[in-house]
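**Q** Next input, structure requested:
(4 chains)
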Protein chains: 4
Amino acid sequence: MNTLGQILTLTTFGESHGPAIGGVLDGFPAGITVDTEFVARQMQRRRPGQSHVTTGRQEQDEVEFLSGLLDGVSTGAPIAFIIRNTDQHSSDYDELKDLYRPSHADYAWEQRYGIRDWRGGGRSSARVTAPICVAGALAMLAFRKLVPALEITAFTSQIGPYSTDPAKDMDYSADMADSNPVRCPQQELASKMEEYIKELRKEQDSTGGCVTCVVRGIPAGIGNPVFDKLEASLAKAMLGINAAKGFEYGDGFASASQRGSEHNDAFRIENGQIGTATNHSGGIQGGISNGQPIRFRVAFKPTPTIGKEQNTVTRDGRQTTIAAKGRHDPCVVPRAVPVVESLTALVLLDQYLSSK
Amino acid sequence: MNTLGQILTLTTFGESHGPAIGGVLDGFPAGITVDTEFVARQMQRRRPGQSHVTTGRQEQDEVEFLSGLLDGVSTGAPIAFIIRNTDQHSSDYDELKDLYRPSHADYAWEQRYGIRDWRGGGRSSARVTAPICVAGALAMLAFRKLVPALEITAFTSQIGPYSTDPAKDMDYSADMADSNPVRCPQQELASKMEEYIKELRKEQDSTGGCVTCVVRGIPAGIGNPVFDKLEASLAKAMLGINAAKGFEYGDGFASASQRGSEHNDAFRIENGQIGTATNHSGGIQGGISNGQPIRFRVAFKPTPTIGKEQNTVTRDGRQTTIAAKGRHDPCVVPRAVPVVESLTALVLLDQYLSSK
Amino acid sequence: MNTLGQILTLTTFGESHGPAIGGVLDGFPAGITVDTEFVARQMQRRRPGQSHVTTGRQEQDEVEFLSGLLDGVSTGAPIAFIIRNTDQHSSDYDELKDLYRPSHADYAWEQRYGIRDWRGGGRSSARVTAPICVAGALAMLAFRKLVPALEITAFTSQIGPYSTDPAKDMDYSADMADSNPVRCPQQELASKMEEYIKELRKEQDSTGGCVTCVVRGIPAGIGNPVFDKLEASLAKAMLGINAAKGFEYGDGFASASQRGSEHNDAFRIENGQIGTATNHSGGIQGGISNGQPIRFRVAFKPTPTIGKEQNTVTRDGRQTTIAAKGRHDPCVVPRAVPVVESLTALVLLDQYLSSK
Amino acid sequence: MNTLGQILTLTTFGESHGPAIGGVLDGFPAGITVDTEFVARQMQRRRPGQSHVTTGRQEQDEVEFLSGLLDGVSTGAPIAFIIRNTDQHSSDYDELKDLYRPSHADYAWEQRYGIRDWRGGGRSSARVTAPICVAGALAMLAFRKLVPALEITAFTSQIGPYSTDPAKDMDYSADMADSNPVRCPQQELASKMEEYIKELRKEQDSTGGCVTCVVRGIPAGIGNPVFDKLEASLAKAMLGINAAKGFEYGDGFASASQRGSEHNDAFRIENGQIGTATNHSGGIQGGISNGQPIRFRVAFKPTPTIGKEQNTVTRDGRQTTIAAKGRHDPCVVPRAVPVVESLTALVLLDQYLSSK
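**A** Below is the predicted model:
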């Protein structure tokens, strides 16, 4: 099923080189004013070709809303939207028809369905994250009305050997992250990351990285105790992003080497309100938000498309080699930042609606 | 929803100190012989109180099947089963009625539902993983018939400061893991982990850890491309386990610092079959199995219940302290091993049934 | 899937002659006091063997709640319950092992699953409606708190040649329906129905009938516009009852011969409130309640188990005959009355929770 | 949720007077060749304005496929399609903005969502059935490959006082139904229906009617035992059609006055195969197909939009009257015929895929 969510559901469709990609957002609250400029801005943040550090594809990504709005206000009916695919050069991919690109979905997809859309990765292209950003923007607009204090901030926390200090995760604002093309809120580190990406582009290679996301202002009591836990739903959504390899929240994998006395967040009274002295838990206990900021991190593998020559095989079982032509994006991480934010907004709104 | 899966669904129910816990497994294939001894053995592996390294609670965990079987063979009807709660001492928990235990679900649950079953953690108790092991055992039995080559092996790969070498993940067998109480297949390391847990018990403290899981013999072509990706479904299931803080598959978080030329798995022909020279991907590409072994790791935080005194607050907002009485399990990781295997079997069978 | 509902879900399990039948009700609001006597009374109404007009099977139908309650109050956790099967004489059914009973599910089930629980109809027994009555009673208790004015009244409106006048559907109370064993609120007609059933019992035959259901006090605005319409969800639930053959709401099939000028319900102001002058629509417009009483009717076929000799075939394809032994229920309709009410309560509560 | 189905899901979107309507069909088998002419032909059959007996709106209904196809063959990815709304005159509806049309969804929708798309019925317009016909055509194309013998034939069986004889339901072919504008396979009756509709148009009134559907060639063993029964899924789908008021299958409501000895379908051996002597059951037993033809009937109320003056109220609670202007369709039944067929194909394919 190409559907995310239980009460608020997003169904996406579309391939890299078909006529259009898009989505249907169902269960969205009625009476929300849709600020289309905000949606466009979010789309713009995801769009490749926006700087020298990303891919060369020029995607215009103009969103057309087809339903669910009356004079720009949501009616409760499903909101469908499409984005036409414009900069498609399917013929560029002709040589991919008969071989499998290493660490791409080509081979696995063909084993699954017996047929494969070889044009630009088809349904497995990173392009499928564009509709997520449209829907995520709508979810953010809903929260502006429902929980005005809620704030979702994601940023690049690692690219190759360069990482931010997790202890400072709470120090960064959305503006700081957006102030440079790699979306790393620590300026000095951002410059190094930028240099590294440029270097990799020359070497026809690519790099992995991490995105960290912080949610402030979420009320306590949002989430579900078993299976549909808030963290489990976030994990599912994040691992659904192309190239994602891992998810951790709160202290995450570092918790494995901690002691209980070190990890536990003692409760205390702050300004007459119940809070915790620390936040190793990352804002979630037993699947439900506890009122502290939610904090998680997502790992991405290096872009599999590289200019360097690699060994591979053809569909009919012959050894061959492949070297991607043209200009490729050595690092998807900066573009994944708005996707992480969008999925976070969608998961939180779905869980919020189910927790009322 | 207390339900996992799409075609094969497991709905669990029950609290730590209610009359019983259990589950309903629906969509299970007809014609599978249920080896109840195998089920009991799996339950036995999860059961606390089985050695000096785990909790003192004596759970008999006898499984009673209520439906869906005719002379021990599945009929296609839902399989319901219950496990009576026997060793309950609700009164032990009386003092927890009016305060919130640090890093437990008490406070978040109460904010969500306005009411809380304070007896032993209620629905948020680790006891809720017992029905998962019953259902997982059934899924394993189904695979014995449907995909006999499939083999799921989980083991303890980290406890506190002691970790196995990820490069050797593929070297271990299920028997090696089960040969010691901490379920670490590397004997020397296992002894150190055991010592560490004993020491923590004396100090009234606890520790986190990791479980690694390897799936061999899974055919290529199992999984789904968007949202319900195989890795996303595994992530959701694993983050649904109590105390889980992170999930990674293949090279996971380490991928973030790799280059594409280093991470990509080149295709090659092995014995006339298409395979890959390496397996950084962890057996999944674009949400679908590629025929290589699946490999992932789950991080767990330290058990929040510790004997050391901690600060906390009461329901009516007064500062107080808490120190757990009695004998507590300083490390849930060894007991999480069969839970990880069970959820893996359930997720794989669900995805297998939807990929046919 | 043996699950009904979207937000409030009921998963049932169990066969006629297995150890127990039961259900798991998930998504039930927290804080509802469960009046177990009310639940028992609802069960009692469904129970066969309660009068000379129904089947001879003595079902005690004692409900055991296993989870989701704390001191009799719902906690938001799934409510599981079981009813032990006591009066089972599986050997009575030995001769059914190798033949297919006419108009029973035996043959179709075997074609579906390749295996069949031949003991008393297995999963296709009318006994599977018992858990529905438990869950329905809980839904009614929830409405007592959430929408105290809501009142669900079902009654027998037809048995064989005897039918109530649909124009008087709104005149009957629950008490009137329960005052006689056939549950027909029109006393004179009830006597004739009773006589007819007695006669059929002598003739070793059975009869069909209808149940009409009226819901008063439902607020306007409950339901969903497309696919999950209120009437569509009711239809699905009702056609899920054993032996149900049809569903109609408002003027139903009679609408087919009406004109618009005759069928349309003109709006008017009553006591300062918007209402309609007539209710041909049956309280639902476009999938959503309009504040008028909901009114629908369900048709049931005659009980397929009859003492008269019938032609049939054996599993290995030989012609044979069958004549049911023992005392059979010539009419399921009176026992279907509480099942219809229960499913109505469940569907309405699910739609109510999704419409808030 | 604007979604139908479990494994094969159709999500529709769009309002009468928005930019476009459409749908996403997910879970559709890979490798099916999509005959777009067949799809267009099915759309043409639903389209209003095609004869003097239907509405005046000229809908071009050109279907644009956006995804899921490669060179006209399904890939397993979701198939999205849209139909632009062209003949919209929203201003025609200006006067409807502030009043509620009798027996339309206006009032109920506004109570549900607090906002209403008043242009031509918005999401509650009959126009929402167009995407169903596109998806239904795809399902039929899938069956051509998967179950070539399967044949779905629907026809008009009643309009106002004119009805076909149910005993002859099996005598009609799809061609016979399509040979006249009212889609009634009995020519003489069709002429009377046509006359009746013309007369009603003059009188500014409308009429209800029934559609009967027959499915031949369906294998035994398709369906599910509880809740998701084949008949329950059909009922839900049919009651989801605008203006539908009832559903019955096999002998339906007539079963209520039958005896078991009359209704039961005796098994017999025909050409070495197990079959039944009669088909009162309508091809389904216990939720599962039994290999006999499936036969059901759907009742529709008269079109609520009529030219005759009717009483109603304004949004601010004043009494007023309304008389629809322009040319209205006095009977939706002939246009509902392809919608019934389409939903049947979708439900059967979903159940077929889940029964394998």
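
**Q** pretty sure A:C331 is touching A:L200, no?
**A** Yes. Proximity of A:C331 to A:L200 meets the contact threshold set by C-beta atoms under 8 Å, at 7.3 Å. No exception for glycine: its C-beta is placed from N, CA and C like everyone else's.

**Q** Contact residues of chain A facing chain C?
**A** A:I7, A:G76, A:A77, A:P225, A:S354, A:K356 (C-beta under 8 Å from any C-beta of the partner chain).

**Q** okay, A:C331 and A:L200: which has more neighbours?
**A** Neighbour totals were compared for A:C331 and A:L200, and A:C331 leads with 28 against 24 (other C-beta atoms under 10 Å in any protein chain shown).

**Q** Let me see the contact set for the more buried one.
**A** Neighbour list for A:C331: A:V53, A:T54, A:I159, A:V182, A:I197, A:L200, A:S206, A:T207, A:G208, A:G209, A:P302, A:T303 [criterion: C-beta atoms under 8 Å, 6 or more residues apart in numbering or on different chains].

**Q** can you tell me which of these are in helices?
**A** Under the assignment DSSP state H, the contacts of A:C331 contribute A:I197, A:L200 to helices.

**Q** got TSV for the contacts of A:C331, with pLDDT and distance to C:E270 too?
**A** Shown next, in TSV, are the contacts of A:C331 (pLDDT from 0 to 100; distance: C-beta to C-beta, whole Å):
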residue	pLDDT	distance to C:E270
A:V53	56	68
A:T54	52	64
A:I159	98	68
A:V182	96	66
A:I197	97	71
A:L200	96	74
A:S206	97	71
A:T207	98	71
A:G208	98	68
A:G209	98	66
A:P302	97	70
A:T303	95	67
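
**Q** Which of the contacts of A:C331 fall in strands?
**A** Assignment to strands by DSSP state E places the following of the contacts of A:C331 there: A:I159, A:G209.

**Q** of the contacts of A:C331, closest to D:Y100?
**A** For the contacts of A:C331, the residue nearest D:Y100 by C-beta to C-beta is A:T54; the value is 52.8 Å.

**Q** Next, the contact list for the residue lying farthest from the centre of chain A, please.
**A** Residue farthest from the centre of chain A, counting by C-alpha atoms, centre = their mean, is A:G272 at 36.7 Å. With C-beta under 8 Å, 6+ apart as the criterion, the residues that contact A:G272 are B:G317.

**Q** any idea of the pLDDT on A:S51?
**A** Note for A:S51: predicted pLDDT of 56.

**Q** Can you check the pLDDT for the closest residue in space to A:F300 that isn't next to it in sequence?
**A** Of all residues not flanking A:F300 in the chain, A:A243 sits nearest, at 4.7 Å (C-beta to C-beta, 6 or more residues apart in numbering or on different chains). A:A243 is assigned a pLDDT of 96 by the prediction.

**Q** can you check A:D94 too?
**A** pLDDT, A:D94: 76.

**Q** how far away is it from chain B?
**A** Going from A:D94 to chain B by C-beta to the nearest C-beta, to the nearest Å gives 19 Å.

**Q** did I read that right, that residue in a helix?
**A** Yes. The assignment for A:D94, made by DSSP: H, G, I helix; E, B strand; the rest coil, places it in a helix.

**Q** Count the residues that sit near it.
**A** 10.

**Q** Pull the number of nearby residues for A:D71.
**A** Using other C-beta under 10 Å, A:D71 has 8 other residues around it.

**Q** separation between it and chain B?
**A** Separation of A:D71 from chain B (C-beta to the nearest C-beta): 32 Å.

**Q** And for A:I222?
**A** Computed as C-beta to the nearest C-beta, the A:I222 to chain B distance reads 7 Å.

**Q** one step back: tell me, what's touching A:C331 and A:L200 both at once?
**A** A:S206, A:T207.

**Q** what's across from A:I288 in the sheet?
**A** The partner list for A:I288 in beta bridges (DSSP bridges) reads A:G223, A:Q285.

**Q** What segments of the stretch 1-150 of chain A are strands?
**A** If you assign secondary structure with DSSP state E, counting those that start in this stretch, the strands in the stretch 1-150 of chain A sit at A:3-4, A:9-13, A:20-26, A:63-65, A:69-70, A:73-74, A:79-84.

**Q** thinking again about what came up before, show me the two of the residues of chain A next to chain C that sit farthest apart.
**A** Between all members of these, the farthest pair (by C-beta to C-beta) comes out as A:A77 and A:P225, at 31.9 Å.

**Q** Let me know how buried the residue nearest to A:A220 when sequence neighbours are not counted is, in neighbour terms.
**A** Leaving aside its chain neighbours, A:A220 sits nearest to A:G291 (3.5 Å; criterion: C-beta to C-beta, 6+ apart). By other C-beta under 10 Å, 19 other residues sit near A:G291.
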